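Asks: Kindly return the folded structure for what I paste below:
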Amino acid sequence: MSFQRTDLRHRINTITGWKVLLGLCSFFFAWRLIALEFFEKSGDAVWKWSFLRYFHETGIWYPSFPDHHQGRWAQNMPVLGFMEIFGAQPWVYYILPLLTGFGVSLLCYWIATRLSDRFSGVLAFLTPMFFVHVVNESNQLLPMLPAAFWVLAATALCFKYFDTKKHLGLFYLAGIALGFAWGCKVTSAYWCVGFGLFLLFTDIPGKVLFRLGKIRVGWDLILLTLGFFTVFIPETLLLNHFFEVRGGRLSMLFAKHLGGPAPTERIASLAEYIFSFLVPMKFQGKGINFLPKVIYFATGIAVMFLWRQRKRDSVYHRFLVFTFFAAYLLQSYVIIGIDPIRYPEKPLGRYFLTLSVFSLIATTAGWQDLKTFLHAKIPRRKGARVLIATLTTLCILLLSGHPINETIFHNNNLSRIVHAEKSMNIVRAMNLPVLAILHNDHQSFEEREIDQKVARLWFAFWGPTEEIPQVFTQTPLNLVHDSAGRAYNYLWGGTAPAPGEKRQCAVVSELDIRIAELRF
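Replies: Numbers count the residues shown, from 1 in each chain. I've put the predicted structure just below:
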């Protein structure tokens, strides 16, 4: 970026590729272990681990009528495989997210190197490691990062064909990769459409079967489509067989997740729908998480507009720009209902993660193009330098905000995970009762979402298998009070404390566990 001297770019570009990768890979695993975050209480990741662990340890699949989380076979099957090899220990939860995060960084490096140079590839490798949504998903069992990995893999396979101009079978493999992305997240279909439309309207080397105006149909498009359906058709047949549905993933999705009244977050007025392209940049959560997303997304789009104008001769740049904007528009404007206008998913920032990763690649690979453009358009050289330096500083500071905040200030790191595991070993050895702290509000337990999620988290990872809640929104309440009037939910272990007793217990909260002696 702008603060980097030209000689640094030159030196990195002249270093042997394997040495650069060795250094990057070492840094990745060292940093990810340091910044490993505790299990997230949000329901989706914990729910997946719950039913996969239950199946691994009992051979019984639940619930009887599946939800859309259970249809995400491209994520669930690897986790089950790791459980078969290592058991359902809590640390196994992190294997797939970490490997996926590593794969995403490697593919970002490779793609950015093709778009620009090795220095840009290094930046593209490092940037996702600190980007808030990638950091979160490389810690948790969520579907967006695996989907992004497979879309990036499909992109890399297409780039490889553009490199060699032979081996059309690479498009078949790219189609299979897109099928795996679909197997993680249904909205990956938007990228499938983007890939297909690019091949339909762009002249690339390869045999063309027929033309119709600007439309061309060649073996590249046919093989890409065949690759996708090589995954899609068996998936649909197997899901229909095992879960007794008729339409595969889509049946499972519409039956529960999209059926019935839509939550307010998925409903839009006509005016809101017109401006749906702003949804990925909608303010959510903390500014420390929101601002990096907006800065990199907007910068990536600006770079891609420059590429659209200035790199018409590069098939790599045209491919990335076309597929990005196709997926962007589809994810922004596809709806599943007209009265009222209903989006298929909530406008959460993490749902746009694949788009964000592509914008990160564009930002790092096109930074020099952006600098050149600003220097040409801003009359005063000093003004351009100040603007570039400001944007660079913002990108770096905002990128580092989330991991520093979580790892250092909230102590949400590997030490917390190790402490929880050691404490639970003591709980099992001494058969101590496990109590979850309850919030003393005036709602019923069913309405206390945080209390429900905290209880499910500890049940999922350390609770007895037979007591894992088998309904996503149902956690038992066994209310106990200590002598000071504080309320707890007795989860498992030993016997429930009785009034007047003085007992040693494990007290759990959202991020912590402590063993303490309490009087009830």
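Asks: Identify the spatial nearest neighbour of residue 161, chain neighbours not counted.
Replies: residue 170 (4.4 Å; Cβ to Cβ, 6 or more residues apart in numbering). C-beta coordinates here come from the backbone N, C-alpha and C atoms, glycine included.
Asks: Helix, strand, or coil at that neighbour?
Replies: Following DSSP: H, G, I helix; E, B strand; the rest coil, the label given to residue 170 is helix.
Asks: Let me know the pLDDT of it.
Replies: The confidence metric pLDDT takes the value 95 at residue 170.
Asks: doesn't residue 159 make contact with it?
Replies: No. Between residue 170 and residue 159 there is no contact under Cβ atoms under 8 Å: 9.2 Å.
Asks: I'd assumed residue 240 was in contact with residue 248.
Replies: Yes. Contact criterion Cβ under 8 Å: residue 248 and residue 240 qualify, at 6.0 Å.
Asks: more neighbours, the two?
Replies: residue 248 (19 against 15; other Cβ atoms under 10 Å).
Asks: Let me see the backbone angles for the more buried one.
Replies: Dihedral pair for residue 248: phi 60, psi -140, per degrees, to the nearest 10.
Asks: which non-adjacent residue is nearest it?
Replies: Nearest one to residue 248, counting by Cβ to Cβ, 6+ apart, is residue 236 at 3.3 Å.
Asks: and the one you found, that one's in a helix?
Replies: Yes. The assignment for residue 236 is a helix, going by three-state DSSP.
Asks: can you tell me how far it sits from residue 508?
Replies: 41 Å (Cβ to Cβ, to the nearest Å).
Asks: what domains does the record give for the protein?
Replies: 6-408, 415-519 (automatic domain parsing).
Asks: And what about residue 484, helix, strand or coil?
Replies: Criterion first, three-state DSSP; result for residue 484: coil.
Asks: what's the burial count for it?
Replies: 7.
Asks: With residue 197 instead?
Replies: 15.
Asks: What distance do you get for it to residue 327?
Replies: With Cβ to Cβ as the criterion, residue 197 and residue 327 are 10 Å apart.
Asks: for residue 189, same thing?
Replies: Per Cβ to Cβ, residue 189 is found 9 Å from residue 327.
Asks: ok, the two, which is more surrounded?
Replies: residue 327 (24 against 18).
Asks: ok, now which ones touch residue 205?
Replies: Contacts for residue 205 were tallied using Cβ atoms under 8 Å, 6 or more residues apart in numbering; they are residue 165.
Asks: doesn't it fall inside a strand?
Replies: No. If the criterion is three-state DSSP, then residue 205 is coil and not within a strand.
Asks: Dihedrals phi and psi, it?
Replies: phi -60, psi 140.
Asks: Show me the helices in the stretch 151-300 of the chain, by range?
Replies: In the stretch 151-300 of the chain, the helices defined using DSSP state H, counting those that start in this stretch lie at 169-184, 189-201, 219-243, 248-252, 270-274, 287-310.
Asks: meant to ask about the stretch 1-150 of the chain, not that
Replies: 6-14, 17-34, 43-58, 73-86, 95-115, 118-130, 132-137, 144-164.
Asks: Kindly reformat the ones you listed as JSON lines containing mean pLDDT.
Replies: Output for the helices of the stretch 1-150 of the chain, formatted as JSON lines (pLDDT from 0 to 100):
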{"stretch": "helix 6-14", "mean pLDDT": "76"}
{"stretch": "helix 17-34", "mean pLDDT": "89"}
{"stretch": "helix 43-58", "mean pLDDT": "89"}
{"stretch": "helix 73-86", "mean pLDDT": "95"}
{"stretch": "helix 95-115", "mean pLDDT": "96"}
{"stretch": "helix 118-130", "mean pLDDT": "92"}
{"stretch": "helix 132-137", "mean pLDDT": "87"}
{"stretch": "helix 144-164", "mean pLDDT": "96"}
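Asks: Out of those helices, which gets nearest to residue 429?
Replies: helix 43-58 (20.1 Å; Cβ to Cβ).
Asks: other SSEs contacting the closest one?
Replies: helix 73-86, helix 449-462 (3 or more Cβ pairs under 8 Å, 6 or more residues apart in numbering; DSSP states H and E).
Asks: Would you mind listing the buried residues in stretch 491-504?
Replies: 491, 492, 493, 494, 496, 497, 503 (16 or more other Cβ atoms under 10 Å).
Asks: Give me the secondary structure label for the first one.
Replies: I take that to be residue 491. Residue 491 is classified as strand under three-state DSSP.
Asks: how near is it to residue 106?
Replies: 40 Å.
Asks: and if you look at the fifth one?
Replies: Using Cβ to Cβ, one gets 50 Å for the distance from residue 496 to residue 106.
Asks: what about residue 481, how many residues close to it?
Replies: 14.
Asks: Kindly report the same for residue 162.
Replies: Neighbours around residue 162, by other Cβ under 10 Å: 16.
Asks: Not counting its neighbours along the chain, what's nearest it?
Replies: That would be residue 315: by Cβ to Cβ, 6+ apart, it lies 5.0 Å from residue 162.
Asks: Touching, that neighbour and residue 203? I think so.
Replies: No. With contacts counted by Cβ under 8 Å, residue 315 stays clear of residue 203, the gap being 9.3 Å.
Asks: Those two: which has the busier surroundings?
Replies: Comparing residue 315 with residue 203 by other Cβ under 10 Å, the one with more neighbours is residue 315, at 20 against 11.
Asks: check contacts around the more buried one.
Replies: 162, 202, 204 are the contacts of residue 315 under Cβ under 8 Å, 6+ apart.
Asks: end to end, how far does stretch 122-139 reach?
Replies: End-to-end distance for stretch 122-139, by Cα to Cα, to the nearest Å: 22 Å.
Asks: all strands for the stretch 351-500 of the chain, in order.
Replies: Counting by DSSP state E, counting those that start in this stretch, the stretch 351-500 of the chain has strands at residues 434-437, 479-481, 487-492.
Asks: who's in contact with the shortest one?
Replies: Read that as strand 479-481. Strand 479-481 is contacted by residues 435, 438, 445, 487, 488, 489, 490, 496, 497, 499, 520 when judged by Cβ under 8 Å, 6+ apart.
Asks: Among the residues you listed, which has the minimum pLDDT value?
Replies: When the contacts of strand 479-481 are compared on pLDDT, residue 445 comes out least confident, at 57.
Asks: pLDDT weak spots in the stretch 251-400 of the chain?
Replies: 256-265, 283-289, 311-313, 380-384, 386-388, 394-395, 397-399 (pLDDT under 70).
Asks: ok, now with 80
Replies: Counting by pLDDT under 80, the stretch 251-400 of the chain contains low-confidence ranges at 254-268, 281-291, 310-313, 337, 339, 346-349, 374-400.
Asks: Could you name the helices and strands sitting against the regular element (helix or strand) spanning residue 506?
Replies: Using DSSP states H and E, residue 506 sits in strand 502-508. With contacts defined as 3+ Cβ pairs under 8 Å, 6+ apart, the packing partners of strand 502-508 are helix 414-430, strand 434-437, strand 513-519.
Asks: Give me the mean pLDDT for that strand.
Replies: Per-residue scores along strand 502-508 average to 91.
Asks: So what's the gap between it and the chain middle?
Replies: Distance of strand 502-508 from the chain centroid (Cα atoms, centre = their mean, to the nearest Å) equals 36 Å.
Asks: thought residue 324 was touching residue 355?
Replies: Yes. The pair residue 324 and residue 355 qualifies as a contact (Cβ under 8 Å) at a distance of 6.9 Å.
Asks: Need phi/psi at the residue lying closest to residue 451 once chain neighbours are set aside.
Replies: Closest residue in space to residue 451, ignoring its immediate chain neighbours: residue 438 at 5.4 Å, by Cβ to Cβ, 6+ apart. With angles defined as degrees, to the nearest 10, residue 438 sits at phi -110, psi 150.
Asks: Residue 489 versus residue 438, what's the distance?
Replies: 6 Å.
Asks: more neighbours, these two?
Replies: Between residue 438 and residue 489, residue 489 has the larger neighbour count (other Cβ under 10 Å), namely 23 against 20.
Asks: Bridged to the more buried one, which residues?
Replies: Under DSSP bridges, the beta-bridge partners of residue 489 are residue 436, residue 479.
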